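> have a look; sequence and predicted model below, questions after that.
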Amino acid sequence: MKLDRLRGNAKAKRHNARTIAALTGNPGCARRSVLDAAGIDKVKLAERIGFPGSFGQSRFALARGNAFEAMLKADDCALLRSVLDVGVVDYQDLGEDADDTLTARHDRTRSLLASATSALIDHPLLTLSVAGQTVFLEPDLIAFQSEGRLRVVEIKSFAVVDDQADAAKVSAAAVQAAVYVLALRELLGEDRVSHEVVLVCPENFSLEPVAVLLDVRKQLSTLRRQLSRLASVPSLIDALPDSVSFDEALPVSSLLASLAEVSARYVPECLSSCEMSVYCRDEASGSTAALGRSVRESLGGVETVALALDLSTGAASPTPDQEEAAALLRAAARLRQEALS
Amino acid sequence: MSTLVALARAQAFAAGRAQPIATVRHLHVHDHPFVVIPLAMAGEANAPLAAMVGAAPDDPRLLVVAQPRNRAERFAFADALAGALVPYLTSFAGDTEAVAVDRGRDVRHRFVDAPQVWVPNTGGVDFLRLFGRSTRFRRVDGEYPVPPTVPLLGQWLTFLAGASEVPGSSLLLNAVQALGLHWATGQSGAEDAHLGSLLAWIESGAAAAREAESGPVAGPATDPDFDNRVLAPLISDGDPALTPVLRELLLPTWQRMWRTLALLRTLPAGERVAGRWDSDRDSYSSFVEHLAESGLPQPRRDGAVAAAARLQRLENAATRYAVQRAFDDPLVMAEYRLAGVAFGGVVTLANPDRVDDTGKRPVLRPRIMVATTETLRIEAGATLTSPARPAQKAKVISVTRTETGWDVLLELSGGMGRKLMAEPGTVPAVGEKLLLTTLSEAYRPGAAFPEPAETPWTHGGPPEPYSDPAQPDDDQPD
């Protein structure tokens, strides 16, 4: 299969909610879509070609996250039950992350969810269709089923202080939760899964949990739209020349040549979400997009920094659809010069 | 982002050096500022790991929490930070000056100077705000007492963090924002958030900036890799090497902070900067007074009336700050000219003695014609002012298209003396170059809000009287 050839002998990296969220953050990027579809280890690839990023997670943060979750789930989820106010219901753990039990766990998830019994269902194994492939999702989450309705419960260890939390963290959690809602809806149908998810976080400066409802309808519609854009990835992969491969065993020069065949759409936001970003930034150097979306727009959408500057000085003559941008740039250059002289 | 700043970024990229986007300094830089570089423990809710603090470049003081999850150590850190910072903050509560209020019918007093605290970035401001929140309600008696300095530090930090939200305030400043206000780099705003990289663009150029990216972070978040490789073993072993390691980590940022200050001092201060610092001294003075009187900690959330009043103060401050920056700095004004709400032109006709006698009393209303070649998005009826004559209003009578641009006919009022003859020089003469704008420095009266006790039921009714919220969300001793 073509995808396996792209990857070589390495083990395929599986998607999770975080990678799907990142993928849909920049759906126009063919490079990321292809690398992810082929399950390529982007951290290793970036290191191999000499552009390592730092995408580690602090062990302090992990330890706190685990401690918080363990505390909630201790004594048969006593604390979690009380903060969710769910009363006496069943708790079913579908088991730990492992490759060999995927199908079995997915079957169990499906039958359990279909049975519509009231229960807290931990580690369900879901599937989602991403870029023409069915991917397994192992949400670190609990689905709460009651009276046939399901609600996603996400446990996060960032603090909610005086009813407020870090906006970036909340929005990342909302997008991830939306991925799970979408996957659950694919399995069970639209009306069985609530668009309201429960976020369980520590409150203020303690480890006391607090549950907050988040409406993820907006994230859901964004995700749907962007996942549909990714549907064209298989044809993109088919169109790649046979020489393209990201097999770790290949020399750096051929890896770079392969990367050049799959175009990227670098924006500065990639730096915080994509392992390949340091390489793509280097490659995009000189483009206005590398300075940020708002800079690019303010420069009239002109592709390169050099052209924007040439238009501003009159060294380049604009094409008809650049006329307006060029006039603005010339006026800006004149005003800047006047104020600085 | 404005096209002018975007163009400056493009120019910076091409030149490999940061480019100026201001011709004057838009913030007050204190002769004796205090620098705080906080470092937080990853994963925890605002648990301090260390801070490098001090008021002199050659005298950094390092405060370290050897076991960040230990409550007692955390409050020992708060106590030490209070010991370094609070005496600095209160040292300006000495000499006062009288300020006329209510049109000279009354006077009030304010301190002749105020403190100024610098942190590296907005993350540093957020850290101080949350640290203020986690300490200001602490009890100095009862079951889990903390040193009395701790809640006082919390109130001061809350005050400073609140002030930093006011546009144009210089009580708590962050280096990244201060530099970004005056220079544009050839990289994205996201990359500018790294102080080392931003400063390198200004001091040495693009290559040095790339190199600085892999250098030590300016906090408050630490690098995950550093956490795992260096910090975790040191903390778990209780290794005394932790302090020198953190000192080495923070020193580059410490030096960058002082270099940032030196760099900003090379710019001349904008004309209206001193006026905004006066407002800062006002709010410092009233906070000192508050501490001396009731001394209650700031509430977790403002009540309805207080919140509405604060929002309006912030809006007024934002407008005032935007206008003042434009009036102080031709490069900022250029952004408004590009947008067509300000324009430069030449006076082509002037009738300085024109008197309007259609009303009850005759009034002096000179008219001038200004020709401009710039973009114009101004219509008849608008009121304009000129930074050169801020007390004078110019009403647009007509705007006429010409071959090269526009002719704008203006009727002037104010700023010409009390007689029916304009004082010499108060009416622009033919040939004079003039800048006119719809921006106005005019005083904006505050809205009337009810007393908090009169809060209507639509807004939740009168707020609850102060109650001590200290213990419920306290983290208990481990």
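Sure, I can see it.
> enumerate the residues of the stretch 1-150 of chain B near chain A.
Within reach of chain A by Cβ under 8 Å from any Cβ of the partner chain, the stretch 1-150 of chain B has these residues: B:1-11, B:13-14, B:20, B:23, B:41-46, B:130, B:133-134. To be clear about C-beta, it is placed using only N, CA and C from the backbone, and glycine gets the same treatment.
> now the buried members of those.
With burial judged by 16 or more other Cβ atoms under 10 Å in any protein chain shown, the buried subset of the residues of the stretch 1-150 of chain B next to chain A is B:1-11, B:13, B:20, B:23, B:41-46, B:130, B:133-134.
> okay, helices next: where are they in the stretch 201-341 of chain A?
Ranges of helices in the stretch 201-341 of chain A, per DSSP state H, counting those that start in this stretch, are A:217-229, A:233-238, A:252-261, A:277-284, A:293-298, A:305-313, A:323-340.
> from the contact counts, what lies against the second one?
Same thing as helix A:233-238. helix A:2-7, helix A:30-37 (3 or more Cβ pairs under 8 Å, 6 or more residues apart in numbering or on different chains; DSSP states H and E).
> ok, the first one next?
With contacts defined as 3+ Cβ pairs under 8 Å, 6+ apart, the secondary structure elements packing on helix A:217-229 are helix A:17-25, helix A:167-188.
> can you name the residues that contact residue 117?
By default, I'm working from chain A. By Cβ atoms under 8 Å, 6 or more residues apart in numbering or on different chains, the contact set of residue A:117 is A:90, A:145.
> um, chain B though
Here residue B:117 is in contact with B:33-36, B:85, B:89, B:160, B:171-173 (criterion: Cβ under 8 Å, 6+ apart).
> restricted to strands, list the buried ones among the residues of the stretch 1-150 of chain B next to chain A.
Cross-referencing those against strands under DSSP state E gives residue B:20.
> who does the helix or strand containing residue B:200 touch, helix- and strand-wise?
Here residue B:200, judged by DSSP states H and E, is contained in helix B:195-203. Using 3+ Cβ pairs under 8 Å, 6+ apart as the contact test, the elements touching helix B:195-203 are helix B:175-180, helix B:189-192, helix B:206-213, helix B:242-265.
> change it to 6 Å
helix B:175-180, helix B:206-213 (3 or more Cβ pairs under 6 Å, 6 or more residues apart in numbering or on different chains; DSSP states H and E).
> so it versus helix B:242-265, what angle?
For helix B:195-203 against helix B:242-265, the angle by axes from the mean of the first three to the mean of the last three Cα atoms, to 10 degrees is 30 degrees.
> contacts for helix B:195-203 next, please.
B:18, B:120, B:175-176, B:179, B:183, B:185, B:192, B:208-209, B:212-213, B:215, B:218, B:256 (Cβ atoms under 6 Å, 6 or more residues apart in numbering or on different chains).
> let's see that with 8 Å instead.
Helix B:195-203 has contacts (Cβ under 8 Å, 6+ apart) with B:12, B:17-18, B:120-121, B:175-176, B:179-180, B:183, B:185-187, B:191-192, B:208-213, B:215-216, B:218, B:252-253, B:256, B:259-260, B:263.
> helices - which of the contacts of residue B:117 land there?
The members of these that map onto helices under DSSP state H are B:85, B:89, B:160.
> for these, which one is nearest chain A?
residue B:160 (17.6 Å; Cβ to the nearest Cβ).
> let's see the pLDDT reported for the closest one.
Per-residue pLDDT puts residue B:160 at 97.
> and it, how close does it get to residue A:322?
48 Å (Cβ to Cβ, to the nearest Å).
> who has more neighbours, those two?
Between residue B:160 and residue A:322, residue B:160 has the larger neighbour count (other Cβ atoms under 10 Å in any protein chain shown), namely 26 against 18.
> contacts for stretch A:103-115?
For stretch A:103-115, contacts defined as Cβ under 8 Å, 6+ apart pick out A:92, A:94-95, A:119, A:121, A:123-127, A:136, A:143, A:145, A:150, A:184, A:187-188.
> among those, which lie within strands?
Those of the contacts of stretch A:103-115 mapping onto strands are A:92, A:119, A:121, A:126-127, A:136, A:143, A:145, A:150, per DSSP E.
> of all the residues you listed, which two lie farthest apart?
Pairwise distances among those were taken by Cβ to Cβ; the largest, 21.4 Å, belongs to A:119 and A:136.
> mean confidence (pLDDT) on the host helix or strand of residue A:76, please.
Using DSSP H and E, residue A:76 sits in helix A:59-84. The average of the pLDDT scores along helix A:59-84 is 85.
> can you check stretch A:25-33 too?
84.
> pull it out as PDB, backbone CA atoms only.
The C-alpha coordinates for stretch A:25-33 follow below in PDB (Å, rounded to 0.1, in the frame of the first residue of the first chain):
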ATOM      1  CA  GLY A  25      -6.100  23.900  12.900                       C
ATOM      2  CA  ASN A  26      -4.400  24.200   9.500                       C
ATOM      3  CA  PRO A  27      -6.300  22.000   7.100                       C
ATOM      4  CA  GLY A  28      -4.800  23.600   4.000                       C
ATOM      5  CA  CYS A  29      -1.400  22.100   4.900                       C
ATOM      6  CA  ALA A  30      -0.900  19.100   2.600                       C
ATOM      7  CA  ARG A  31       2.400  18.200   4.200                       C
ATOM      8  CA  ARG A  32       1.000  17.600   7.600                       C
ATOM      9  CA  SER A  33      -2.100  15.800   6.200                       C
END
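> so is that stretch next to chain B?
No. Stretch A:25-33 is not in contact with chain B by Cβ under 8 Å from any Cβ; minimum separation 13.5 Å.
> list the buried residues of that stretch.
Per 16+ other Cβ under 10 Å, stretch A:25-33 contains these buried residues: A:25-27, A:29-33.
> contacting residues for residue B:336?
Residues in contact with residue B:336 (Cβ under 8 Å, 6+ apart) are B:326, B:342, B:437, B:439.
> right, I mislabeled it, should have said residue B:8
So residue B:8 contacts A:336, B:19-21, B:184 (Cβ under 8 Å, 6+ apart).
> run through who's touching stretch B:339-348.
B:2, B:326, B:333, B:336-337, B:368-378, B:406-408, B:428-439.
> could you identify the buried members of these?
Using 16+ other Cβ under 10 Å, the buried ones in the contacts of stretch B:339-348 are B:2, B:326, B:333, B:336-337, B:368-372, B:374-376, B:378, B:406-408, B:428, B:434-439.
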